[in-house]
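K.L.:
coords please:
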Amino acid sequence: MSANNWPDSLKNWVTQCLQQMTVLNKAEAQAELKEVIRAAHADGSMWTIDWSKRKLKSLEPKPGFNKRKTMESVAFPPAQTTKKAKKPAIAATTVESNAERLAARARRFEREHEIERQKQAGYHPATNHGYEYSRHVNRKTYSPPSSAGGSLQDRMEGLTTSYSSGFKSGGKGSRKKYLNSSVGYTEEDGGNSVDWDRFTIVGTKESLFKNYLRLTSEPDPRDIRPYRILTQTLVELKKRWKQDPNYTWICDQFKSLRQDLTVQRIKNEFTVEVYEIHARMALEANDLVEYNQCQSALRHLYDLGIKGHSEEFLAYRILYLLHVRNRSDLNRLISTLTPQVKNVPVVKHALDVQRAMATNNYHALFTLYAAAPNMGPYLMDHFIERERLGALCTMTKAYQTLPLTFIAKELAFDDASQAHSFLFNFGAAQYATTQPNNGNGMSNDSARVLACKQVYPRLAQLYEEKSRRVTIQGAI
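P.N.:
From the prediction side, this is the model:
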C-alpha cells in the first residue's frame, strides 16, 4: 500500500497527527496510526471516512499528567494509597529527576571539556587531520535520523512499513532505547542530552574554490571541502589577494571557507587563522560588517583557549568601540584587562587612544594616529574625521586665526593642501586675507590663514551631526 494512493484528507490528517507527537507518546501514537490506516484499507473505508473528525486516543491529553515527570515516572507511576502520601511522592520524584538531569548535564560538560583539553594539548587520533574525534574517523557521509529528516511522503510511507519494528521485542526498556537512539540521545546521560557528535560530517569535495551560498537545508558532504583541501584553499586565496586584490570575490571565497569549517565543527588554530586573515582584509576594504562577524567568532575561539593574535584583535575591538561610542561596553572590556595585557604594545596603543579621546587631548590623539600599528589606521579612519572636526572646534574657539600649515601638522594631514581640501569639503574654507599665488595663478595653501571666528559655527554644527550619526554595523 503506497501513500500515493491515499486520499488528500487522509494525508492532511496524518500530517496533523505527526505534528502532535512527542517523545513520550510517539511510539504508541505511531502504532495506533498504523493500525487505523491498515484497518481502513482492509475494509475499504479509506475513501469514505471523514478523517478530519477522527481522533487518536494516544494523542488525547492524559488526566492529571505532570509535565515535570521523566519518561520512567510516566511509564511506571509510583503506587500511592492515600491523599496525604501523594504530595511527598510527587516531590520526591521531582527531586530525583532533577538530580538525575543535573548529574547527566555535569557528565556531558565534563566530556566536552575533556575533548577541548585534548585538542589544546595537541592530541588527535591518527588520520583525523587534527579536527575530528576518533569516533568520526570512518564516517564519510551524513545520515540524519529517520524520525527527524525526510519528506512528508517518506514519513507516510514509513507508517505502512516498519515504524514499529524497533518496538516488537524487549518491552518498555527497548522502546525507550529505540527512541533515544533515533533522535541522537546518549544512553550514558539517561537520555537527557543530544549526542551532537553523531551529526558531524566530513566533506568530500576536492575543488579549491566554491561560491558562498547560505544553507537552507542539511549540508551535503559532496558540497563540503575537507580539512586537507581547505588548507590549500587558504594558501591560494592569500596568493590571489597579493596578485589581484579583488575583495568582492575574495570575501565570497572566505565566507564559503568559513562555512565549510563551521558545518564540519573544525575549531583549531587553522580556523583562527582563517578568521584573522579575513578580518584584516575586511578592514583594508572598509567592510565593517564582515570584520565584526570575524571578530565575534574570534572572541569565541580565543575563549576556548585556541592560540592566535588575541592581543591584536583586542586592540581592534577597543578602537571599534571608540568608533561607535559604546562607552558602557568599552568600560566593561577595559575593567577585565590584566596589567600584563595592558602592557602589550598594541593594546597599550589602543588604550592610549581611548585616554586621549576621553580627555579631549587632540594633540596626543593625532600623534597616536600617525603611529598606529598593524591594521589600526584602517579602524581609526572611521572616526578620525569626526575627531578632526572636534579638534578644529576647540582650536577655532580659542584662536582668532590659525595658519593652515599649523592645522595640517596638528591634525596629522600630509600637507596644507590636504587640510584645505578637508575644510573645503565641509564648507569651512574661509581665510583671513587674500592669499598670494604661486606664480601659476593658483593660491599657495601653505600661506593661507584660517579665519576662526567665521568658521567656528559651521564646524560646531558639523561636529554635532557627526557625533549623532554613528552607525553600528554588524553587532559584535
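K.L.:
who touches stretch 337-350?
P.N.:
With Cβ atoms under 8 Å, 6 or more residues apart in numbering as the test, stretch 337-350 has contacts from 311-312, 314-316, 318-319, 351, 368, 371-374, 376. Every C-beta, even on glycine, is put in place using the N, C-alpha and C of the backbone.
K.L.:
list the buried residues of that stretch.
P.N.:
Within stretch 337-350, the residues that count as buried by 16 or more other Cβ atoms under 10 Å are 344, 346-347, 349-350.
K.L.:
now render the contacts of stretch 337-350 as TSV, adding pLDDT and secondary structure.
P.N.:
Shown next, in TSV, are the contacts of stretch 337-350 (pLDDT from 0 to 100; DSSP: H, G, I helix; E, B strand; the rest coil):
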residue	pLDDT	secondary structure
E311	95	helix
E312	95	helix
L314	95	helix
A315	96	helix
Y316	96	helix
I318	95	helix
L319	95	helix
L351	96	helix
L368	95	helix
A371	93	coil
A372	94	coil
P373	93	coil
N374	93	coil
G376	94	helix
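K.L.:
just give me the closest of these to L230.
P.N.:
Among the contacts of stretch 337-350, E312 lies closest to L230 (Cβ to Cβ), at 23.0 Å.
K.L.:
count of neighbours near that closest one?
P.N.:
Residues near E312, counting by other Cβ atoms under 10 Å, number 20.
K.L.:
is it possible to mark the buried ones in the contacts of stretch 337-350?
P.N.:
For these, a burial check counting by 16+ other Cβ under 10 Å picks out 311-312, 314-316, 318-319, 351, 368, 372, 374, 376.
K.L.:
in stretch 410-424, what counts as buried?
P.N.:
410-413, 416, 419-420, 422-423.
K.L.:
among the buried residues of stretch 337-350, which lie within strands?
P.N.:
With DSSP state E as the criterion, strands contain none of the buried residues of stretch 337-350.
K.L.:
would you turn those into JSON lines with pLDDT?
P.N.:
Output for the buried residues of stretch 337-350, formatted as JSON lines (pLDDT from 0 to 100):
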{"residue": "V344", "pLDDT": "95"}
{"residue": "V346", "pLDDT": "95"}
{"residue": "V347", "pLDDT": "96"}
{"residue": "H349", "pLDDT": "96"}
{"residue": "A350", "pLDDT": "96"}
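K.L.:
point out where this structure drops to low pLDDT.
P.N.:
Applying pLDDT under 70 to the chain picks out residues 1-4, 62-97, 108-109, 111-199, 433-443, 469-476.
K.L.:
ok, back up a step: can you list the buried residues of stretch 337-350 in JSON lines and add distance to E465?
P.N.:
Shown next, in JSON lines, are these (distance: Cβ to Cβ, whole Å):
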{"residue": "V344", "distance to E465": "36"}
{"residue": "V346", "distance to E465": "32"}
{"residue": "V347", "distance to E465": "32"}
{"residue": "H349", "distance to E465": "29"}
{"residue": "A350", "distance to E465": "26"}
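K.L.:
quick one: which of the residues you listed is nearest to P221?
P.N.:
For the buried residues of stretch 337-350, the residue nearest P221 by Cβ to Cβ is V346; the value is 40.3 Å.
K.L.:
which residue is the nearest non-sequential neighbour of the closest one?
P.N.:
By the measure of Cβ to Cβ, 6 or more residues apart in numbering, the closest residue to V346 outside its immediate chain neighbours is A315, 4.3 Å from it.
K.L.:
surely the one you found meets A372?
P.N.:
No. At 9.3 Å, A315 does not count as touching A372 under the criterion of Cβ atoms under 8 Å.
K.L.:
just checking, S45 is part of a strand?
P.N.:
No. Per DSSP: H, G, I helix; E, B strand; the rest coil, S45 lies outside any strand segment and is coil.
K.L.:
what's around it, how many residues?
P.N.:
If you count neighbours by other Cβ under 10 Å, S45 ends up with 10.
K.L.:
can you pull the contacts of it?
P.N.:
Shown in contact with S45 (Cβ under 8 Å, 6+ apart): no residues.
K.L.:
just checking, S9 touches S52?
P.N.:
Yes. At 6.4 Å, S9 counts as touching S52 under the criterion of Cβ under 8 Å.
K.L.:
quick revisit: filter the buried residues of stretch 337-350 down to the ones in helices?
P.N.:
When DSSP state H is applied, the buried residues of stretch 337-350 are split such that 346-347, 349-350 fall in helices.
K.L.:
JSON lines for those, including distance to A391?
P.N.:
Below are these laid out as JSON lines (distance: Cβ to Cβ, whole Å):
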{"residue": "V346", "distance to A391": "24"}
{"residue": "V347", "distance to A391": "25"}
{"residue": "H349", "distance to A391": "19"}
{"residue": "A350", "distance to A391": "19"}
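K.L.:
quick one: which of the residues you listed is nearest L450?
P.N.:
Nearest to L450, judged by Cβ to Cβ, of these is H349 at 30.5 Å.
K.L.:
measure that closest one to Y362 for me?
P.N.:
The gap separating H349 from Y362 is 17 Å, by Cβ to Cβ, to the nearest Å.
K.L.:
for the helix or strand harbouring Q253, which outside residues touch it?
P.N.:
Per DSSP states H and E: Q253 is located in helix 247-263. The contact list for helix 247-263 (Cβ under 8 Å, 6+ apart) reads 201, 203, 209-213, 215, 219, 224-225, 230, 233-234, 237, 240-241, 267, 271, 274-275, 277-278, 281-282, 284-285, 287, 290, 297.
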